[in-house]
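[1] build the 3D model from these lines:
(2 chains)
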Amino acid sequence: MSEYLLRMEHISKTFHGMKALDHVRLEVKRGEIHALIGENGAGKSTLIKILAGVYQPDFGAEFYFEGKKVEIKKPIDAVLKGISIIYQDLSLFPNLSVAENICIGKDVYNKSWKRVNWNEIKKIAQKVLNELDFQIDLYTPVEKLSIAQQQLIEIARALAFDSKLIVMDEPTASLSSSEVEKLYHIIDRLKQKGISVIFVSHKLKELFTVSDRFTVLRDGKYVGTYLKEEMDEEKLITLMVGRKVQYERSQAVNHKIGNVILEVRNLSKEGNFKDISFQLKEGEVLGITGLVGSGRTELAQAIFGVNNPYKGEVKIQGEAVFISSPEKAVKNGIAYIPENRKIQGLILEQSVINNISISILKALRTKLGLIQRKKEVDLAERYIQAIDIRPAAPERKVGQLSGGNQQKVVISKWLATNPKILIIDEPTSGIDIGAKTEIHKLLRQLASEGMGVIVISSELPEILAVSDRILVMKHGRIAGELNIQEATQENIMNLALLGASPANHHGALSTVTQPSKGAMM
Amino acid sequence: MKIALSKENILGLIALALFVVMTIIAPGFLSAENINNMMFQLPEFGLLALGMMVVIITGGIDLSITYTAALSGVSIAMMQSHGYPMMISILVGILIGLACGFMNGFIVTRIGVSPILVTLGTMILFEGVILSITKGNSISGFSDWYNLIGNGYYLGLIPLSMIIFIFFAVVTSVLLGKTYWGRCVYMIGSNSVASLFSGINTSRVILKVYLYASFLAAISAIIMTSRYNTAKVDLGSSYLLQSVAAAVLGGTEIQGGYGKVVGTVYAVMIFQILSNGLNLLEVPRTIVNVIMGAILIAVLVINFAKTKLGNKDRMQVTS
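    Predicted structure coming up:
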């Protein structure tokens, strides 16, 4: 028998012409705890979903499990082969009992009449719970359990299916430190039983605690697989960041930074972010970055009045305001361009004109309150020209435009309101590279015209290309602030992952050499 | 000359074709008396259908609409039979209708219960209120002037109620097509989250939608009570699901985001022509329902197929 339980080779996946994975490989030994790491968008989730049978890889993928070539066409194939995935947001049935959740999908029926065999269910559930040394009433509905307990139920379910490989996606994200300790203990137990675990996490420290080997992905490509012993945190970060695309930094002419336009003091929102304070000046582009889930989007939406109240103070041009709704934010000169363009940004079934005019429509009415269609059309045509929306078809439904042009429509909508503050969340997600640089240029230009711009992005090259100043968030707090002169991808990642002061790491970083590809194969 | 074959235009043609067919095959269809009959029957149903349409455009539904109408009708009848002046009783009737609409809108927007549940609840609630007021009896005793609203003619030619209907159809059309509120109705129906994120006060817009629907229901109630010279708990109740059907037949998107006054008006006309014509042909009532149901399904299937094909073309254009 081969030493490897799982071998995936030449795994590629293309979404709408964009390569999410490009010839990635992953090899997991028996009884090994294997960490899968990479930045946001590196392709970890896609790879896991391929392993789970949720996505189908592109042609040419090779997939070996227990030494045999296999195909996984749908999720049940993976489960029956002994691959279990524990997703971050768990996939239990909250209103069903512990025992039912553990046995769901298993063949627990009597031969005659296909009646459910409750004794069998009880027996299986009790057996796997004992293996995990987890005492719980089998009839408790799962929704009454804590997240940590629910996670154990998922692990128990994996055992009930005789899983040989368990994938845990960010398992510690919502656990307390003592619960994390217990989880480590369980993982250890699984290892002793010869079960392999793929562990996905952003917390580097815990990866070093639990894993035997690391596989690093970057931009959908395979970087390498490494033993724990030959790694340290600094080295890992360098591998994750790598040498990436650098966007040209477009410096606008006459770029002056003026007065404070937005001041946020001790802003908090339970469960999202805490004690956030910063200032934004006229003519400045402030970049906010951090891992997904670090509270960036929630912060931006709070300033824009979504799902408020918040605690703390927001001042616009020195005046304290409470922003209770987006309507109020707009009145205060704030514009917010959301990441989720198709749900939050645009009304896809409506025309380009209607989308561009909506936020300023009240001002385009006659005294009698009737909309002046002519003015609306003019407005749309002006922006179609000014920021080059293609095709120049104002009556066309927005849903029919490409991602980049859709984003330009959202930007137009907000520019039409003549905002003082523009917050833009992942400005270029799902947009091709040409349109990306165009949007970067536009943001710089808007700032040079005196607007205060906040750019939220996970893409570090993007943050570096557009920002004057960078805030890094971690766990809902500001982990640090960097000037554009001192900021590098490495020290931003350091703050985002470790929350440490970048000054401590400058020396260490320079000694790291670029490791050769696939050093440990 | 080129006229695009929109959903509405197709419906208009169907209505016209039905009218011609009925003229040929149904004896007495085109007689002055029969045309009059149809013109008297159409407005009350038309107003309810328009109200329903506006709610459906936002992605909601108002199952309480006919009981809202019945409650305002009963209030007007009670006031008049107790000797209050006509104008005051009409005013109170409309206000009571608006109160019903406010209740729906308030629960939908502020508490966030889904419209179908809220209005199902208020439907039963309003019915109960009416029953406890009227003890199940019908109330009459309207003034002669009041009876004119539903039975009188304008210039001795067009029924007064028809004028009222045309007036409100135009008003609804202008409100939806030309005002900020109307635009927001469509935007919210297409995507309420993006509408909120665009700075629209979605709660206020939707609240006004339910108020407007209940207002049209109250107007419809005035016409109905005046025409029947009586008000009781089931006033117009048969129009409830018919008004949903008319809105949907008229091209209104049941998930929201699309719907036009013209379409609904055509759909109401189709219903009217069919039921009247088939009645003249002495087709049994049960068969009439079968035919109406079949037509409704056929039109919806055609519309669905049309949108699907349209989407396919579009995919090819962008790819």
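
[2] okay, now the closest residue to chain B within chain A: neighbour count?
    For chain A, the residue closest to chain B is A:Val330, as judged by C-beta to the nearest C-beta, at 3.6 Å. C-beta coordinates here come from the backbone N, C-alpha and C atoms, glycine included. Counted with other C-beta atoms under 10 Å in any protein chain shown, the neighbours of A:Val330 add up to 23.

[3] now swap in the one 4 residues further on and tell me
    Residues within reach of A:Ile334, counting by other C-beta under 10 Å, total 28.

[4] I'd guessed it sits against A:Val321; true?
    No - in terms of C-beta atoms under 8 Å, A:Ile334 does not count as a neighbour of A:Val321; the distance is 9.5 Å.

[5] tell me the pLDDT at the residue nearest to B:Phe29 when sequence neighbours are not counted?
    Leaving aside its chain neighbours, B:Phe29 sits nearest to B:Met22 (4.6 Å; criterion: C-beta to C-beta, 6 or more residues apart in numbering or on different chains). With respect to pLDDT, B:Met22 scores 93.

[6] which strands or helices does the secondary structure element (helix or strand) that B:Met22 belongs to pack on?
    Using DSSP states H and E, B:Met22 falls within helix B:7-25. When contacts are defined as 3 or more C-beta pairs under 8 Å, 6 or more residues apart in numbering or on different chains; DSSP states H and E, helix B:7-25 sits against helix B:261-280, helix B:285-318.

[7] for chain A, what is the nearest residue in chain B?
    Counting by C-beta to the nearest C-beta, chain B gets nearest chain A through B:Gly199, at 3.6 Å.

[8] show me what contacts that residue?
    By C-beta atoms under 8 Å, 6 or more residues apart in numbering or on different chains, B:Gly199 lies in contact with A:Pro326, A:Glu327, A:Ala329, A:Val330, A:Lys331, A:Ile358, A:Ser359, A:Thr417.

[9] who wins for neighbours among the residues you listed?
    Neighbour max across the contacts of B:Gly199 (other C-beta under 10 Å) = A:Ala329, 27 neighbours.

[10] what about the residue of chain B closest to chain A, which SS state?
    Classification of B:Gly199 by DSSP: H, G, I helix; E, B strand; the rest coil places it in coil.

[11] now the helix holding B:Met22: buried residues?
    B:Lys7, B:Glu8, B:Ile10, B:Leu11, B:Gly12, B:Ile14, B:Ala15, B:Leu18, B:Phe19, B:Met22 (16 or more other C-beta atoms under 10 Å in any protein chain shown).

[12] any weak-confidence spans in chain A?
    A:1-2, A:16-17, A:243-255, A:433, A:500-521 (pLDDT under 70).

[13] list the contacts for B:Ser72?
    B:Gly93, B:Ile94, B:Ile96, B:Gly97, B:Cys100, B:Ala217, B:Ala218, B:Ala221, B:Ile222.

[14] make it 7 Å
    Contact analysis of B:Ser72 by C-beta atoms under 7 Å, 6 or more residues apart in numbering or on different chains lists B:Gly93, B:Ile94, B:Ile96, B:Gly97, B:Ala218, B:Ala221.

[15] now, which of those lie within helices?
    Among the contacts of B:Ser72, the residues falling in helices (DSSP state H) are B:Gly93, B:Ile94, B:Ile96, B:Gly97, B:Ala218, B:Ala221.

[16] report how many residues lie close to the fourth one.
    One way to gauge burial is a neighbour count; for B:Gly97, by other C-beta under 10 Å, it gives 30.

[17] now it: how far from B:Gly83?
    22 Å (C-beta to C-beta, to the nearest Å).

[18] do the third one as well
    Going from B:Ile96 to B:Gly83 by C-beta to C-beta gives 18 Å.

[19] of these two, which one has the most company?
    B:Ile96 (22 against 9).

[20] does the more buried one touch B:Ser75 like I think?
    Yes - using C-beta atoms under 7 Å, B:Ile96 is in contact with B:Ser75, at 4.8 Å.

[21] which non-adjacent residue is nearest the residue of chain B closest to chain A?
    A:Val330 (3.6 Å).

[22] tell me the residues of chain A that contact chain B?
    Within chain A, the positions adjacent to chain B are A:325-327, A:330, A:336, A:338, A:343-347, A:349-350, A:354, A:358-359, A:361-362, A:365, A:369-371, A:400, A:413 by C-beta under 7 Å from any C-beta of the partner chain.

[23] among those residues, which ones are in strands?
    The strands, defined by DSSP state E, take in A:Tyr336 from the residues of chain A next to chain B.

[24] list buried residues within the residues of chain A next to chain B.
    Buried among these (16+ other C-beta under 10 Å): A:325-327, A:330, A:336, A:338, A:344-347, A:349-350, A:354, A:358-359, A:361, A:370-371, A:400, A:413.

[25] who's in contact with the most centrally placed residue in chain B?
    For chain B, B:Ala49 is the residue whose C-alpha lies nearest the centre (C-alpha atoms, centre = their mean; 1.4 Å). Going by C-beta under 7 Å, 6+ apart, B:Ala49 touches B:Ser243, B:Ala246, B:Ala247, B:Thr264, B:Val268.

[26] now swap in B:Ser81 and tell me
    By C-beta under 7 Å, 6+ apart, the contact list for B:Ser81 reads B:Ile139, B:Gly141.

[27] pLDDT score assigned to it?
    In this prediction, B:Ser81 carries a pLDDT score of 89.

[28] do you know how far it is from B:Lys135?
    14 Å.
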